[in-house]
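A.B. asks: From the sequence below, what's the structure:
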Amino acid sequence: MNLLEKEKPKHDHKAKFNFTPVVLMIALSCHALFEGLAVGLGKDSKTVWTLCLAICLHKWAEAMSLGISL
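C.D. replies: The predicted structure is shown next:
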């Protein structure tokens, strides 16, 4: 085999399904359910607004992780 004749890489053209985004979406859905329960169990308005703020501030990280995995 000379230098001009290189072995071509073999490509597998079969579609492979990645379950990671699906599992992450299910986990984030369960997480959101418990967040909603925590807000619903808040005793006073200060607690409820604090929980709402905390939830809103970390939703971007959840959305980013799901978006990247897709």
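
A.B. asks: Please work out which residues outside the strand or helix carrying T47 touch it.
C.D. replies: If you go by DSSP states H and E, T47 is part of helix 45-69. Contact with helix 45-69 is made by N18, T20, P21, L24, M25, L28, H31, E35, A38, V39, G42, as judged by Cβ atoms under 8 Å, 6 or more residues apart in numbering. To be clear about C-beta, it is placed using only N, CA and C from the backbone, and glycine gets the same treatment.

A.B. asks: 6 Å - rerun?
C.D. replies: T20, P21, L24, L28, E35, A38, V39, G42 (Cβ atoms under 6 Å, 6 or more residues apart in numbering).

A.B. asks: Rebuild these as CSV, extending it with secondary structure, neighbour count and pLDDT.
C.D. replies: Converted to CSV, those look like this (DSSP: H, G, I helix; E, B strand; the rest coil; neighbours: other Cβ atoms under 10 Å; pLDDT from 0 to 100):
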residue, secondary structure, neighbour count, pLDDT
T20, helix, 10, 81
P21, helix, 15, 81
L24, helix, 16, 85
L28, helix, 15, 88
E35, helix, 16, 91
A38, helix, 15, 91
V39, helix, 16, 92
G42, coil, 14, 91
